[in-house]
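Peer 1: model the structure of this input:
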Amino acid sequence: MTITYEESVPSPQEFCELRVKAGLSAKSLKAATVALPNSLYGISIRQGGDLIAMGRVVGDGACNFEIVDVAVDPMHQGKGLGRKVMEYIDHYLSSVALEGSYVSMIADEPAFYEKLGYKLVAPSCQGMTKKFKPHA
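Peer 2: Numbering: from 1, shown residues only. A predicted model of the protein is given here:
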């Protein structure tokens, strides 16, 4: 089957399903429905119409960019699709990032991203997170 590359975000349903399938944390359909249209950039890789890999960039479009939701269906891992997602993301970032722009990510697999030129920021900085409870 033919592999296609779409420079767009997937549907909220596909997004939620691939995150879980790839071992990332689950996101609600409501959250995905709100979040995806607010992406600065998205790449969706499909085989026969099925979403098999994805990635997004979020941020303010000038000072801060964050790479998020890089995921590859486990049935398609080891075929270079994660690298392809990052090639598309890097191409986008190189076309829009300005002098002093900050590109960040929380990397589940730091060694993978280091091969692509990304560097750990520790010990000079540390990534942090805070969980918020949903409001009604």
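
Peer 1: pLDDT weak spots in this structure?
Peer 2: 136 (pLDDT under 70).

Peer 1: quick one, helices of it?
Peer 2: With helices called from DSSP state H, the chain shows them at 12-21, 29-35, 81-96, 110-115.

Peer 1: make a markdown table from the ones you listed and add distance to C125 to it.
Peer 2: C-beta: built from backbone N, CA, C; applies to glycine. Converted to a markdown table, the helices of the chain look like this (distance: least, Cβ to Cβ, whole Å):
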| stretch | distance to C125 |
| --- | --- |
| helix 12-21 | 26 |
| helix 29-35 | 25 |
| helix 81-96 | 19 |
| helix 110-115 | 14 |
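
Peer 1: between these, which gets nearest to D50?
Peer 2: Nearest of the helices of the chain to D50, taken as Cβ to Cβ: helix 12-21 at 8.5 Å.

Peer 1: all strands of the protein, in order?
Peer 2: Applying DSSP state E to the chain gives strands spanning 3-6, 41-47, 50-59, 64-72, 102-104.

Peer 1: quick one: closest of those strands to A22.
Peer 2: strand 64-72 (3.7 Å).
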